[in-house]
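Visitor: how would this look folded up:
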Amino acid sequence: MQSTLSIREFHQRFQKRLQLSFASGQVGLDREIKLSTQNDNSYEAVDYLNIVRPSSVIVIGIKESDYLISLDIDQLYQLLDDLFTGPVSTFILSRDASLSEQAIRYCHDASISVLRSEMQDSDLLGNLRYFLNQLLAEKTTEHGVYLEVHSIGTFITGESGVGKSELALSLISRGHRLIADDITEFSRIEPDAIDGIHPGMTNDFMEVRGLGIVNIRAMFGANALKRNKTLRMIVNMVNFTVENSHQFDRLGSSKKTRNILGLEIPELTLPVAPGRNLAILVEAAARNHLLQMGGYNSAEDFIEQQRRAIAANQKG
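Guide: Presented below is the predicted three-dimensional model:
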């Protein structure tokens, strides 16, 4: 799901944070800020003035301002006409930038609003990129519990009643942090990164069968909660049965992944059976994932040591 944001909503939401005011009349407020992901016609949500590949929001800094002032009126109007045929939804001037009255009037007549910020060039662009990439990123929602375990964003999923919330509560009691219960919203904020967040106003509460709704903040303190985290690992809880006992990888050498928003995320299948300490297993999985991110694979190391032992015995 790709999000959009109208200029009206953008101004209302970020007026104070970005110190915005209208340099033109309030026109084109229903125009939408978009982030293109199409390979053949891609453009950024926001960038400095780029004539070849214009962005949806164009930032006019000092250098861009000097360039526009250097153009004669016909060149200026031709440049603006070319920009208006693309994805441009608004111009935003930085604190020390300026735009001629003719240019502002031309934008107004084309229903392109011109905003001014009291922020410097780089600060304005950096803040705009951060806010808009978060808002406009491709999103999806998944059922499960999302936690930070040993600094690893860990999404626990499985069929209803398998014990996801009980496992999450056990992990929280061991010092790990809850991000979202039941439903998690994932956003592809970067080409190689997916961010997970609770879609509601607060992630304080959690539903646990037999207990009902519990307040994690009240029970464990604010440090037991975290707003968001990059997704690194998926734990899929499956009831262990005689029929599926052969499906589990004993060495951990096979690499299973799940596709989330076009990225392949490592997935671990965790068999659930009486007597298994699942919290410790998830902690171990998170630590093992950290080792793998550092380039170490315990299964490969084990196989290599076995190979060397067999080779040594054959020589003896």
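Visitor: Tell me how far the closest residue to Ser165 other than its chain neighbours lies from Ile172.
Guide: Spatially, and ignoring its direct neighbours in sequence, Ser165 is nearest to Val208 (4.8 Å; Cβ to Cβ, 6 or more residues apart in numbering). In this view, the C-beta of every residue, glycine as well, is placed from N, C-alpha and C. Separation of Val208 from Ile172 (Cβ to Cβ, to the nearest Å) stands at 11 Å.
Visitor: quick one: which of these two has more around it?
Guide: Ile172 (22 against 15; other Cβ atoms under 10 Å).
Visitor: for Arg105, helix, strand, or coil?
Guide: Assigned by DSSP: H, G, I helix; E, B strand; the rest coil, the conformation of Arg105 is helix.
Visitor: List the residues that contact it.
Guide: Ser24 (Cβ atoms under 8 Å, 6 or more residues apart in numbering).
Visitor: rerun that using 7 Å as the cut-off
Guide: By Cβ atoms under 7 Å, 6 or more residues apart in numbering, Arg105 lies in contact with nothing.
Visitor: For my notes, confirm Pro274 occurs in a helix.
Guide: No. Pro274 is assigned coil when assessed by three-state DSSP, not a helix.
Visitor: Distance of it relative to Gly200?
Guide: Computed with Cβ to Cβ, the distance linking Pro274 and Gly200 is 34 Å.
Visitor: Of those two, which one has the most company?
Guide: The neighbour count for Pro274 versus Gly200, taken as other Cβ under 10 Å, is higher for Gly200 (13 against 5).
Visitor: that's a strand at that one, yeah?
Guide: No. Looking at Gly200 with three-state DSSP, it is coil, so not inside a strand.
Visitor: Give me the distance between it and Arg13.
Guide: As judged by Cβ to Cβ, Gly200 and Arg13 stand 18 Å apart.
Visitor: do the same with Ser89
Guide: Taken as Cβ to Cβ, the span from Ser89 to Arg13 is 15 Å.
Visitor: Report the central residue of this protein.
Guide: The residue lying closest to the centre of the chain (Cα atoms, centre = their mean) is Asp195, at 3.1 Å.
Visitor: which residue ranges form the strands in the stretch 151-300 of the chain?
Guide: Under the criterion DSSP state E, counting those that start in this stretch, the stretch 151-300 of the chain contains strands at 152-158, 177-180, 183-190, 193-197, 205-208, 212-215, 228-239, 257-260, 263-272.
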